[in-house]
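[1] sequence and predicted structure below; questions after.
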Amino acid sequence: MRHLLLRLIINAIALFVATQVGIPGLRFDGDWKTIVVVALIFGLVNALIRPLLALLTCPLILLTLGLFTLVINALMLALTGWLAQQFNLGFIVDGFWAAFVGALVVSIVSWALTLVVGEEREWRRR
């Protein structure tokens, strides 16, 4: 349970940072509770849809030596933005390039926060 809560907080911070770095087409108008809900949606999208999409596009991933996963990450962020708009959460992803650059920022921030928190090492010890 602690692992899931920590991942939710890391995703929330990463999504917030991505909206604050000035990427055109990626914005957030809300409070911290709303960004946590968006992070929950993002986590569910990544847990449920991303594996299926990765399986279906496996030949493309292999052909591009893994670079197509960047496109998959962008699609997951775009889907999160679309779902957030359906629930009027104030998280807007306007276009593929905003999603692509935003997904890069989210990935880098998530990776850095995971290193800082040391969550991976603790999870592997158990």
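    Yes, it's here.
[2] neighbours of Ile13, how many?
    17 (other CB atoms under 10 Å). In short, each C-beta sits where N, CA and C put it, glycine included.
[3] what ranges do the helices span in this structure?
    Listed in chain order, the helices of the chain (DSSP state H) span 2-20, 32-48, 50-56, 58-63, 68-86, 96-117, 119-125.
[4] how about those, which one is nearest Leu26?
    Smallest distance to Leu26 across these (CB to CB): 4.5 Å, for helix 96-117.
[5] any idea how far the closest one is from the chain center?
    7 Å (CA atoms, centre = their mean, to the nearest Å).
[6] in that helix, what's buried?
    By 16 or more other CB atoms under 10 Å, the buried positions in helix 96-117 come out as 98-107, 109-110, 113-114.
[7] make JSON lines out of the helices of the chain and add distance to Leu26 and mean pLDDT.
    Listed next are the helices of the chain as JSON lines, based on distance: least, CB to CB, whole Å; pLDDT from 0 to 100:
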{"stretch": "helix 2-20", "distance to Leu26": "6", "mean pLDDT": "94"}
{"stretch": "helix 32-48", "distance to Leu26": "12", "mean pLDDT": "96"}
{"stretch": "helix 50-56", "distance to Leu26": "19", "mean pLDDT": "96"}
{"stretch": "helix 58-63", "distance to Leu26": "25", "mean pLDDT": "96"}
{"stretch": "helix 68-86", "distance to Leu26": "8", "mean pLDDT": "97"}
{"stretch": "helix 96-117", "distance to Leu26": "5", "mean pLDDT": "95"}
{"stretch": "helix 119-125", "distance to Leu26": "25", "mean pLDDT": "55"}
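[8] do you know how far the closest residue to Ile23 other than its chain neighbours is from Gly118?
    Among residues not flanking Ile23 along the chain, Val101 sits closest, at 5.1 Å (CB to CB, 6 or more residues apart in numbering). Distance from Val101 to Gly118, counting by CB to CB, to the nearest Å: 28 Å.
[9] now do Gln86
    From Gln86 to Gly118 the distance is 36 Å (CB to CB).
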